[in-house]
Structures are given as structure tokens and as C-alpha cells.
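K.L.:
Predicted model follows, preceded by the sequence.
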Amino acid sequence: MAKFVPQEELSLSDQMRVRREKLENLRAEGFDPFVQTKYTVTSTSAVIKEHFQDMEGQTVSLAGRLMSKRGMGKVVFCDLQDDAGRIQLYVKIDEMEEASFNRFKKNDIGDIVGVTGDVFRTQRGEISVRVHEAILLSKALLPLPEKFHGLTDRETRYRQRYVDLIVNPEVKETFVKRSMILRELRSFLDGKGFLEVDTPILTPFEIGAAARPFYTHHNTLDIDMVLRIETELYLKRLIVGGMDRVYEVGRLFRNEGMDPKHNPEFTTIELYQAYTDYHGMMDLVEEMMKTVAQKVCGTLTIPYQGQMIDLSHWERMTMVEAVKKYSGVDFDQIHSDEEAVAAANAHHVPLPEIPNKGMILAAFFDAFVEEKLIQPTFIYDYPVENSPLAKRKPGNPAYTERFEYFINATEFGNAFSELNDPIDQKGRFERQVAERKKLDPESKAQVDYDYVTALEYGLPPTGGLGFGVDRLVMLLTDSASIRDVLLFPTMKPLDK
């Protein structure tokens with residue numbers, strides 16, 4: 001007599017062979033699982049467990065994936081996983097047709113089944129469904145990772161997110177929370193009178209900003225196009241057109257490096273409000289972050305990677321104040337590019353490609369300040385050299401009305417009092433493109449003169465904000481990497 005070998009003890013190739021043989025046998029018997037087109041589900045595992053007292057003895061129909069199977073005689077216990085969780089199935093030969101019972105016993109872990117039965121509690125006290133009818137709805141031809149815990153390698157989990165979601169339930173919780181975060185962000189902005197809009201993803205040329213785009217080609221127009229790196233310029237055109245509060249939840253694409261905080265394809269929200277400034281945007285950010293965190297997490301004290309982040313308190317410092325606090329260098333006392341270069345050399349700060357005072361101030365911030373900003377902090381009044389779209393500060397034109405906010409040493413968002421002087425904007429664009437081409441002669445960057453034309457029709461005083469949704473999700477789900485909050489992060493294809 002042949003020795004019985006549990007399928008999970010077979011090699012992967014043998015398991016695949018056995019599953020395909022089972023499929024062919026089922027088809028030969030007239031039970032092809034892949035011809036099923038519909039199954040009526042009347043309840044879920046979570047509903048049954050939550051309302052057991054009312055549902056005990058009721059007949060229900062469930063559908064889901066078999067995650068375990070115990071017993072090979074006249075009684076089989078299984079765990080069924082559906083969209084809401086897991087529940088035990090009790091399958092006994094004298095509770096259903098013998099032929100149906102024997103077919104059910106041949107099901108494999110990972111198979112998708114539909115069952116009808118009565119809700120009851122076993123002698124051990126486990127809420128279960130006593131199965132009377134069962135049907136195989138889809139045959140899993142590949143086995144799940146051994147004992148449900150085999151998919152632990154992060155690289156494999158990101159590539160095979162569908163398996164990751166099956167065997168690691170906490171992963172699904174992250175993406176459920178991501179959906180909640182987006183819903184609450186939209187609810188907050190809608191409640192403030194903002195209108196959600198859509199702007200083009202394909203744009204006609206590369207703008208002068210530092211981010212590198214992805215290029216593609218439009219066959220009908222026979223022109224190169226780029227995937228957008230921002231939604232800003234189109235949204236501000238809408239402010240010109242009289243839509244005073246707009247926002248867009250949009251995908252952006254930047255052909256740059258990848259690390260735990262960056263993916264080439266990512267989600268942002270950009271919003272613009274007429275007749276306010278960057279101080280109004282600070283107030284909006286603080287209220288928005290508190291509201292969303294409270295509704296999604298139920299608290300304003302958020303655990304993140306070993307830190308406790310207190311979203312109830314936000315510090316505000318100018319960039320000059322922050323650099324002075326953490327480096328001891330007071331840029332208000334530096335009056336030339338040469339003095340700034342000397343300060344950088346004295347403090348071992350690498351010089352930026354364009355070594356002027358404003359860019360060196362930003363380099364000091366990167367070197368001394370950002371890593372210290374663990375609790376929520378607004379850093380405002382950025383140098384004009386690295387803020388081409390922000391309005392200059394009245395009385396201090398070397399700086400702009402711009403802020404970024406930081407949590408756990410990470411930048412979460414960027415905001416301006418928007419530049420609405422078309423002459424100033426045109427000059428800044430042209431200098432930006434010239435500097436870009438000086439550094440990269442092959443650059444295809446161009447000035448967006450149509451946007452300058454829009455400004456010539458009149459942009460009202462406007463506050464603007466852009467922030468990364470993915471980083472916010474990372475914070476509120478305590479996720480270390482952006483790949484943990486993207487269902488399908490960008491990956492290099494495997495060799496065949």
C-alpha cells in the first residue's frame with residue numbers, strides 16, 4: 001500500500017503536478033471549477049462572529065479561500081478566508097452528499113470554494129459553519145507559501161502582492177487604512193469648499209524644475225510628451241479662471257532614485273486657495289493633519305518607527321532661525337555669496353552646484369537641521385534661489401513666502417504664497433531653464449510661456465500646498481518603507 005504523503009511535504013513541482021492532475025480529473029467527471037460564473041454570498045465571517053447570538057442556527061452561504069485543512073476521515077475542519085476575515089468550516093460525511101464530501105476532501109489549501117451551512121459553535125467553543133453544500137469555484141494551481149508564513153522576503157512580497165495579501169492579513173489592513181486616509185482627506189477638503197478636479201498626466205514638454213521626467217511619444221501628433229512631475233501649473237490656471245478653491249489627488253512620475261521614501265510613481269494632493277497666503281496654508285495643514293489622524297487612528301499621538309509623534313503640537317521656525325539653532329551660523333549676518341561659501345567651508349558643508357547664499361543656506365539646513373525635526377515642525381521663509389514659484393517676502397526679497405513641514409526628519413509637504421507677478425515669474429523660469437541646461441546640455445527643459453500668459457490675465461493672491469499621500473500613509477500605518485504602502489511598487493523585472 002502506497003504511503004500517504006501530505007501535499008505540503010512534496011516539492012513545488014510535484015505539488016503543481018498533483019494540482020493539475022486533480023483539475024483534469026474534475027473536468028473528466030464534469031466538474032470544471034473554472035466554468036463557474038456566479039455564487040450568491042449571504043454573509044461573511046466577520047458578520048457571523050459579530051452577530052453570532054442572533055445568527056446561531058441560521059443557514060448562510062459563504063465564499064472564500066481555504067487556508068487550512070485538518071482531518072482526512074469522515075470529518076474535515078477547514079479555515080475559510082473571505083474578504084472580512086476567517087471562519088472555521090465543519091464538513092462531515094453524513095451532513096452532505098457523500099460524492100460532494102469526497103470531492104471536497106480533495107480540495108487543496110488555496111482553493112476558492114462556496115459553502116452553504118448552519119452557524120453553530122463547536123464543543124471547543126469555536127464559532128463555525130456546519131457545511132451541507134460545497135462547490136469548488138476556482139482551483140489554485142500553485143500552492144500558498146508553506147504554512148502561510150513562507151512569504152517573508154520583502155522583495156518577493158512586493159513582486160507578488162497578491163500572495164502577500166492572502167497570507168499576511170496585516171498587509172491588507174494597511175491598504176484599508178490607506179483608503180480611509182484618502183477618504184478623510186477628501187472629506188476634509190470638500191468640507192472646506194474645495195473642488196476636486198483632474199488635470200493632464202501627459203504634458204507637452206519638460207519644465208525647468210529639477211525633477212527629471214519620463215518621456216513617451218504620441219504617435220498621432222508625432223511629438224514627444226512627458227509624464228507630469230507636478231500638477232501645480234494647471235491647477236493655478238484654474239485659479240486664474242475663477243475656481244477659487246481646487247485640489248487634485250494625482251499620480252506624479254519622476255525618473256529619479258529609489259529608496260525607502262521615494263518611488264518613481266507616487267501620489268500627491270495639491271491644492272490652491274485664492275485670497276489666502278502661506279500662513280493660511282499652515283493653519284490648513286495643521287487642522288487637516290489633526291482631523292485625519294483623529295478619524296483614522298483615534299488619537300493624535302502616533303507611534304512611528306520607535307518614536308511617538310505628537311500631532312497636537314506644531315512648531316514654527318524660519319529656515320534662518322532653524323539653521324542658527326542647530327548649526328550656530330546666523331545667515332542674517334552673512335551678506336554675500338563669498339561669505340556663505342566661507343561659512344560652508346568652515347563647517348564642512350558640501351557646496352551646492354550653484355554656490356550662492358540662498359542655496360548654501362538650504363545646504364546648511366540639510367546638513368544640520370532636517371534630521372533633528374522629529375516632532376511636527378513648519379520651516380518657512382525659504383531663499384528665493386530654490387523657490388521659483390513662491391512670492392517674495394515684502395521688505396526682504398531674498399526670501400520667499402514658502403514653507404515645508406517635517407515629521408520624523410522627513411519632509412511631508414511644501415507650500416507657498418503663490419507668485420502672481422508674470423514678469424517676475426517669466427524671469428525666474430528663464431533663469432531656471434538656463435541653469436538646468438548649463439548643468440545638463442542635453443536637457444529638453446522649456447519655459448512654460450502659456451502659464452506666464454495665464455498669469456498676465458491675473459492670478460489673485462493665492463496659497464498653495466502639495467503633499468505626498470504615500471508618506472502620510474507611512475506615518476499613520478507605522479510603515480518603514482514607501483513600498484509597504486504601495487500595492488504594486490516599481491520593481492526591476494526578473495530575468496526569465
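P.N.:
It's in.
K.L.:
quick one: the helices in the stretch 251-400 of the chain?
P.N.:
Remark: helices assigned in the stretch 251-400 of the chain by DSSP state H, counting those that start in this stretch are 278-297, 319-327, 337-346, 357-364.
K.L.:
Name the nearest residue to residue 87, sequence neighbours excluded.
P.N.:
Nearest residue to residue 87, sequence neighbours excluded (CB to CB, 6 or more residues apart in numbering): residue 45, at 3.8 Å. Just so you know, the C-beta spots here come from the backbone N, C-alpha and C atoms, and that holds for glycine as well.
K.L.:
Does the one you found touch residue 67 like I think?
P.N.:
No: if you go by CB atoms under 8 Å, residue 45 and residue 67 don't touch, sitting 11.1 Å apart.
K.L.:
need the contact list for the residue nearest to residue 87.
P.N.:
By CB atoms under 8 Å, 6 or more residues apart in numbering, the contact list for residue 45 reads 62, 64, 80, 81, 82, 84, 85, 86, 87.
K.L.:
if you set the cut-off to 7 Å instead, what comes out?
P.N.:
Contact partners of residue 45, counting by CB atoms under 7 Å, 6 or more residues apart in numbering, are 80, 82, 84, 85, 86, 87.
K.L.:
circling back to that earlier point, any common contacting residues for residue 45 and residue 67?
P.N.:
Residues touching both residue 45 and residue 67 (CB under 7 Å, 6+ apart): residue 86.
K.L.:
re earlier: now the contacts of residue 45 as JSON lines including distance to residue 228 and neighbour count?
P.N.:
Output for the contacts of residue 45, formatted as JSON lines (distance: CB to CB, whole Å; neighbours: other CB atoms under 10 Å):
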{"residue": "80", "distance to residue 228": "44", "neighbour count": "24"}
{"residue": "82", "distance to residue 228": "39", "neighbour count": "17"}
{"residue": "84", "distance to residue 228": "38", "neighbour count": "16"}
{"residue": "85", "distance to residue 228": "40", "neighbour count": "16"}
{"residue": "86", "distance to residue 228": "42", "neighbour count": "17"}
{"residue": "87", "distance to residue 228": "46", "neighbour count": "26"}
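K.L.:
what two of those residues have the greatest distance between them?
P.N.:
80 and 84 (10.8 Å; CB to CB).
K.L.:
where are the low-confidence patches of the stretch 51-200 of the chain?
P.N.:
146-152 (pLDDT under 70).
K.L.:
residue ranges for the helices of it, please.
P.N.:
Along the stretch 51-200 of the chain, the segments classed as helices by DSSP H, counting those that start in this stretch run 52-55, 98-105, 154-159, 161-167, 169-191.
K.L.:
Can I get these in TSV including distance to residue 21 and mean neighbour count?
P.N.:
Shown next, in TSV, are the helices of the stretch 51-200 of the chain (distance: least, CB to CB, whole Å; neighbours: other CB atoms under 10 Å):
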stretch	distance to residue 21	mean neighbour count
helix 52-55	39	12
helix 98-105	14	16
helix 154-159	27	15
helix 161-167	23	17
helix 169-191	31	15
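K.L.:
got TSV for the ones you listed, with distance to residue 311 too?
P.N.:
Supplementary listing: the helices of the stretch 51-200 of the chain in TSV, determined by distance: least, CB to CB, whole Å:
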stretch	distance to residue 311
helix 52-55	38
helix 98-105	51
helix 154-159	28
helix 161-167	29
helix 169-191	13
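K.L.:
Relative to residue 392, which of the ones you listed is closest?
P.N.:
helix 169-191 (27.9 Å).
K.L.:
what angle do the closest one and helix 278-297 make?
P.N.:
Calculated by axes from the mean of the first three to the mean of the last three CA atoms, to 10 degrees, helix 169-191 forms an angle of 140 degrees with helix 278-297.
K.L.:
just checking, what packs against helix 169-191?
P.N.:
When contacts are defined as 3 or more CB pairs under 7 Å, 6 or more residues apart in numbering; DSSP states H and E, helix 169-191 sits against helix 161-167, helix 278-297, helix 469-477.
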